[in-house]
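Visitor: Let's see this in three dimensions:
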Amino acid sequence: MPLTALLLQPALAANPYTSSLNEKPKDNSPDCDCYVVLSGKESATPEYFQYYRFYDFRNLPGAMSEPPPLLNDTQVAGEAPTWQPALFGSDAWNFDWGIQNWTKPSTPDFPTPMNNSLANVYLGEEASTSYLALRTSRQDVYQTSGEIENQQKNMMHASMRMYGRVQGAKGAVAGFFTFFNDENESDIEILTDDPTDQIRYTNQPSVKDGNEVTAASVGPTDLPPWDDWQTHRIDWLPKHSYWYLNQKQVAANTYSVPRKQSFLVMNMWSDGGSWSGNMSVGDSAEFQIQWIEMTFNTSGPYQGIDQKKRDTSSMLEQKRSKGGCKTVCKIDDVKQVGTPEVVHSGAMGLAVSWQLLVVVGLVSFVVGH
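Guide: Modelled structure (predicted):
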């Protein structure tokens with residue numbers, strides 16, 4: 001089994017972050033065999049997934065009430081250490097996440113060199129609630145950025161959500177996206193140059209042979225402001241991508257829907273280009289996340305290799321043959337976010353019908369939004 005609950009690793013028990021990071025269902029909930037979400041046009045179609053994760057950053061110890069100092073030009077950003085090694089150096093964190101420290105040189109189109117740093121990922125706090133923060137800032141010589149990757153590299157279709165906001169200076173980009181390569185990527189991107197009621201939703205590639213692909217991206221406006229706390233969601237399905245804001249579908253696309261095993265990436269960055277914008281020296285911006293929730297299917301090994309034509313997205317067929325999906329749980333419209341609730345249990349769990357979903361109330365979160 002490629003997925004191991006950290007709660008089963010007694011060697012980590014002494015670390016205060018072990019139980020805090022994983023007190024919610026880390027692997028599948030013991031009460032659930034599979035998970036159902038409503039997705040698609042007007043959120044009308046039940047979609048089923050095999051695995052579930054919930055990462056809660058709201059009540060972790062050691063959060064900073066003030067942001068740590070910005071990096072400066074005398075420091076090598078990629079070598080700067082974390083401000084909070086008890087968390088970001090812990091086995092509990094590194095089992096699931098990797099903080100990036102790669103660099104990107106300048107080019108004529110992207111004139112500001114960009115350096116990722118562990119020092120740009122930290123645990124902040126506001127009103128007694130902690131949150132994960134990714135930061136980018138502009139120095140005289142280069143831009144420092146923050147990026148993390150989830151270690152689950154073999155996702156093959158997913159519904160992923162995060163409760164977050166973006167704050168700070170113009171000229172930066174916050175990203176929450178699935179990634180395999182530049183042709184298999186599905187994005188939520190918030191540009192601080194944009195009005196706060198606009199978000200960009202894109203399936204890559206958005207540029208081919210130097211020309212913009214108009215079908216790749218939509219940028220709806222009149223949305224709830226991204227500098228306030230909102231729930232952002234991507235549904236990556238076999239032939240469709242859907243994007244939601246606070247459980248309301250705001251974008252959809254069939255262009256270049258990812259076809260390869262992928263993983264979740266979050267970042268906060270800029271490179272001085274025309275798309276990201278050019279941040280003024282000394283300015284900074286933050287992408288702040290209170291929690292991340294994801295339910296997904298898999299293809300291939302946990303570390304993610306490209307297996308041609310292997311697609312295990314038809315989880316229902318697999319579960320039907322194995323008789324394993326007897327208890328179906330929902331993750332939306334629940335009493336407590338991060339705690340899935342049973343909507344049907346028994347031998348007929350796989351045959352959950354639309355009528356049954358209506359009866360048990362799974363569609364109630366669609367009505368009225």
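Visitor: low-scoring stretches of the stretch 201-350 of the chain, by residue?
Guide: 305-324, 347-350 (pLDDT under 70).
Visitor: now the strands: where do they sit in it?
Guide: 207-208, 211-212, 217-218, 230-236, 241-245, 248-253, 263-269, 284-298, 327-330, 341-345 (DSSP state E, counting those that start in this stretch).
Visitor: In TSV: the ones you listed, plus mean neighbour count.
Guide: Placement of C-beta: from N, CA and C, glycine included. TSV is the format used below for the strands of the stretch 201-350 of the chain (neighbours: other C-beta atoms under 10 Å):
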stretch	mean neighbour count
strand 207-208	11
strand 211-212	8
strand 217-218	17
strand 230-236	22
strand 241-245	22
strand 248-253	18
strand 263-269	23
strand 284-298	23
strand 327-330	23
strand 341-345	18
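Visitor: Make JSON lines from the ones you listed and add distance to Ser29 to it.
Guide: JSON lines is the format used below for the strands of the stretch 201-350 of the chain (distance: least, C-beta to C-beta, whole Å):
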{"stretch": "strand 207-208", "distance to Ser29": "41"}
{"stretch": "strand 211-212", "distance to Ser29": "43"}
{"stretch": "strand 217-218", "distance to Ser29": "34"}
{"stretch": "strand 230-236", "distance to Ser29": "19"}
{"stretch": "strand 241-245", "distance to Ser29": "22"}
{"stretch": "strand 248-253", "distance to Ser29": "26"}
{"stretch": "strand 263-269", "distance to Ser29": "20"}
{"stretch": "strand 284-298", "distance to Ser29": "10"}
{"stretch": "strand 327-330", "distance to Ser29": "6"}
{"stretch": "strand 341-345", "distance to Ser29": "9"}
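Visitor: Nearest to Glu189, out of those?
Guide: Glu189 lies closest to strand 217-218 among the strands of the stretch 201-350 of the chain, at 8.8 Å (C-beta to C-beta).
Visitor: Give me the contact list for the closest one.
Guide: Arg200, Tyr201, Thr202, Asn203, Ser206, Ala251, Asn253 (C-beta atoms under 8 Å, 6 or more residues apart in numbering).
Visitor: And stretch 135-145, by the same measure?
Guide: Contacts of stretch 135-145 (C-beta under 8 Å, 6+ apart): 67, 70-73, 77, 112-117, 119-122, 146, 171-172, 267-272, 279-287.
Visitor: Now which of these would you call buried?
Guide: Listed as buried from those are 70-71, 77, 112-117, 119-122, 146, 171-172, 267-272, 279, 283-287; burial here means 16 or more other C-beta atoms under 10 Å.
Visitor: sorry, back to before: quick one: which of the strands of the stretch 201-350 of the chain is nearest Arg58?
Guide: Closest to Arg58 of these is strand 284-298 (C-beta to C-beta; 5.1 Å).
Visitor: so the closest one versus strand 263-269, what angle?
Guide: 170 degrees (axes from the mean of the first three to the mean of the last three C-alpha atoms, to 10 degrees).
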